[in-house]
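Enquirer: Build me a structure from this.
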Amino acid sequence: MPDLQKGAELLLEVTDLNNLGCGVAHAPDGRAVFLAGAVAGDTVKAMMIKVNKTFAVGKVLAVVTPSAHRADGYCGAPASCGGCVYRYLTYEKELELKRELVLQMFRKAGLADVTVEVVQTTGVTKGYRNKAEYPITGGKNGLFGGFYAQKTHKVVPCNDCSLLPTVFGEILDTFCTFYTECGVLPYDEETGKGVIRHLYLRQGVGTGELMVCPVINSKFLPKEKEFVDALLQKFPQVTSVMINENTRRTNVVLGERYRTLYGKPYIEDVLCGKRFRIAPASFYQVNHDAAELLYRLAAARTGLDGKGLLLDLYCGAGTIGLSMAERATEVIGIEIVPAAVECANVNKALNGIENAHFYCGDAANAEGLLAPVEAERGPLRPDVVILDPPRKGCDRQLLEFLAARKVPRIVYVSCGPDTLARDCAILRARGYEIGAVTPVDLFPRTGHVESLVCLTRNKA
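Expert: Coordinates of the predicted model:
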């Protein structure tokens with residue numbers, strides 16, 4: 001059998017789809033071939049663009065026989081954008097794959113007996129993101145924004161991303177047209193010259209408020225006042241116009257310095273009936289309605305009915321803990337970022353909540369975690385702990401600390417099913433029963449899935 005060669009064209013049957021959205025087929029010699037834009041069940045004509053000893057990468061030239069799970073036409077953005085890895089798949093099949101991903105991670109962690117429920121979803125797959133960071137570059141017709149092509153820093157033009165609200169694309173066009181006419185140059189990563197780097201947008205879905213924040217390689221943006229006037233004339237719902245200064249030679253989007261051009265240095269949103277203030281750098285769930293669904297499910301798992309101490313770790317700006325404040329006698333939130341703790345206290349005051357208290361602490365420092373709280377008020381005996389860590393999951397010492405404290409109930413919210421399964425295995429070994437895992441689709445059309453589970457301490 002001849003060797004598989006770069007440039008070879010093959011007719012392939014796609015048998016699987018991975019969580020990066022690539023169809024998986026097999027060459028005649030058995031090597032896996034990964035095919036962006038292919039769906040399990042497709043028969044495709046593909047050209048090999050990368051070949052090594054164990055696998056190959058192909059480019060789909062034509063879909064000869066489409067899969068029953070294929071669904072074209074979701075988004076008008078070029079396929080090279082790469083943001084919606086499941087854009088060619090029916091949503092029903094996407095949900096099945098996400099549940100299967102969570103199942104696989106629990107099996108891999110030795111937890112095959114754990115129940116993984118069907119994925120919960122709002123059913124909304126378009127326009128759900130309340131935040132965008134558009135890189136800005138230039139072409140023969142002036143400035144344009146879009147998204148980086150996969151694994152590159154080449155900007156794919158896009159002002160009609162299906163994940164974003166329509167108004168974001170309209171603001172992007174207005175911004176690029178205004179500064180093209182002003183002759184302002186985009187930032188060049190190779191030379192470090194040019195002014196405009198990104199356009200950062202946020203929306204309060206529950207309030208309609210909008211924040212517009214150009215990111216610039218300078219202290220000032222030319223014609224700032226004129227830009228604000230032009231912006232407000234078209235978009236009166238804009239309540240905040242900020243400038244973010246980022247003069248570093250870095251691919252990090254945002255710098256540390258902000259300046260207010262118009263309105264407030266924040267927007268507000270309503271989530272789970274509570275009002276939250278969102279500063280430019282604040283963490284806030286990007287899918288408002290799905291976040292409400294997730295928080296309602298998490299609140300129910302706490303088992304609290306108006307009494308008990310709820311300890312909210314990795315609490316950020318307090319959104320989870322404050323959304324559950326009525327269920328507890330008291331909520332205590334701990335977060336490592338001082339600015340987030342300040343935001344949490346502002347959000348507490350905005351909602352007139354008196355039974356929540358927030359402290360600065362590092363969840364990775366288990367022994368010192370509760371020190372600032374207990375120094376003020378004595379030993380804590382939480383009835384429920386909420387964990388919502390970053391993708392890397394919890395530090396093992398934290399899990400052992402909670403187990404040693406004999407916390408009766410732990411509600412774990414996770415954006416990484418692999419680390420969730422790993423941490424559940426650690427807690428099971430220390431006397432906790434793992435309840436049903438509920439995946440929640442906060443990020444439709446992408447390869448990410450949120451999950452939550454309640455772990456209950458054995459009484460024995």
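Enquirer: And the helix or strand bottoming out on mean pLDDT in the chain, what's buried?
Expert: Ranked by mean pLDDT, DSSP states H and E, the weakest helix or strand in the chain is helix 366-369, scoring a mean of 80. The neighbour-count check on helix 366-369 (16 or more other CB atoms under 10 Å) flags 366, 369 as buried. C-beta coordinates here come from the backbone N, C-alpha and C atoms, glycine included.
Enquirer: State the distance from the closest residue to residue 8 other than its chain neighbours to residue 27.
Expert: The shortest distance from residue 8 to any non-neighbouring residue, by CB to CB, 6 or more residues apart in numbering, is to residue 48 (4.8 Å). For residue 48, the distance to residue 27 equals 8 Å [CB to CB, to the nearest Å].
Enquirer: And the helix or strand where the residue nearest to residue 8 lies, what does it pack against?
Expert: Here residue 48 sits within strand 43-51, counting by DSSP states H and E. With contacts taken as 3 or more CB pairs under 8 Å, 6 or more residues apart in numbering; DSSP states H and E, strand 43-51 sits against strand 9-13, strand 22-26, strand 32-36, strand 55-65.
Enquirer: If we use 6 Å, what do you get?
Expert: Packing partners of strand 43-51 (3 or more CB pairs under 6 Å, 6 or more residues apart in numbering; DSSP states H and E): strand 9-13, strand 55-65.
Enquirer: closest to residue 238 out of those?
Expert: Closest approach to residue 238 among these (CB to CB): strand 55-65, 41.2 Å.
Enquirer: the inter-axis angle of that closest one versus strand 32-36?
Expert: Put simply, strand 55-65 runs at 60 degrees to strand 32-36, going by axes from the mean of the first three to the mean of the last three CA atoms, to 10 degrees.
Enquirer: Paired strands for strand 55-65, with orientation please.
Expert: Strand 55-65 has its sheet partners listed here by DSSP bridges as strand 32-36 (parallel), strand 43-51 (antiparallel).
Enquirer: tell me the contacts of residue 121?
Expert: Counting by CB atoms under 6 Å, 6 or more residues apart in numbering, residue 121 touches residue 441.
Enquirer: thinking again about what came up before, return the distance of the least confident helix or strand of the chain from the chain's centre.
Expert: Chain-centre distance of helix 366-369: 28 Å, with CA atoms, centre = their mean, to the nearest Å.
Enquirer: which stretches of the stretch 1-150 of the chain have low pLDDT?
Expert: Counting by pLDDT under 70, the ranges of the stretch 1-150 of the chain that qualify are 1-3.
Enquirer: okay, the helices and strands packed on strand 43-51 in a markdown table with mean neighbour count next?
Expert: Formatted as a markdown table, these follow (neighbours: other CB atoms under 10 Å):
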| stretch | mean neighbour count |
| --- | --- |
| strand 9-13 | 16 |
| strand 55-65 | 17 |
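Enquirer: okay, those in CSV with distance to residue 258 next?
Expert: Formatted as CSV, the helices and strands packed on strand 43-51 follow (distance: least, CB to CB, whole Å):
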stretch, distance to residue 258
strand 9-13, 50
strand 55-65, 41
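Enquirer: wait, which of the ones you listed is closest to residue 419?
Expert: Closest approach to residue 419 among the helices and strands packed on strand 43-51 (CB to CB): strand 55-65, 25.7 Å.
Enquirer: Now the element after that closest one, going C-ward?
Expert: Following strand 55-65 toward the C-terminus (DSSP H and E): helix 91-108.
Enquirer: Buried by neighbour count: which residues of that next one qualify?
Expert: Under 16+ other CB under 10 Å, the buried positions of helix 91-108 are 91, 93-95, 97-99, 101-106.
Enquirer: Contacts for it, please.
Expert: 19, 69, 86, 114, 116, 119, 125, 417-418, 421, 439, 449, 451.
Enquirer: Mind checking the helices and strands packed on strand 43-51 for the one nearest to residue 320?
Expert: Across the helices and strands packed on strand 43-51, closest to residue 320 is strand 55-65 (CB to CB), at 40.3 Å.
Enquirer: and that closest one with strand 22-26, angle?
Expert: Going by the same axes, to 10 degrees, strand 55-65 makes 100 degrees with strand 22-26.
Enquirer: now the angle between strand 9-13 and strand 55-65, please.
Expert: Interaxial angle of strand 55-65 relative to strand 9-13 (the same axes, to 10 degrees): 70 degrees.
Enquirer: Make sure the residue nearest to residue 8 is actually in contact with residue 58.
Expert: Yes. Under the criterion of CB atoms under 6 Å, residue 48 makes contact with residue 58 at 5.3 Å.
Enquirer: gap between residue 168 and residue 354?
Expert: Distance, residue 168 to residue 354, by CB to CB: 37 Å.
Enquirer: Neighbour count for those two, which is higher?
Expert: With neighbours defined as other CB atoms under 10 Å, residue 168 and residue 354 compare such that residue 168 has more, 26 against 10.
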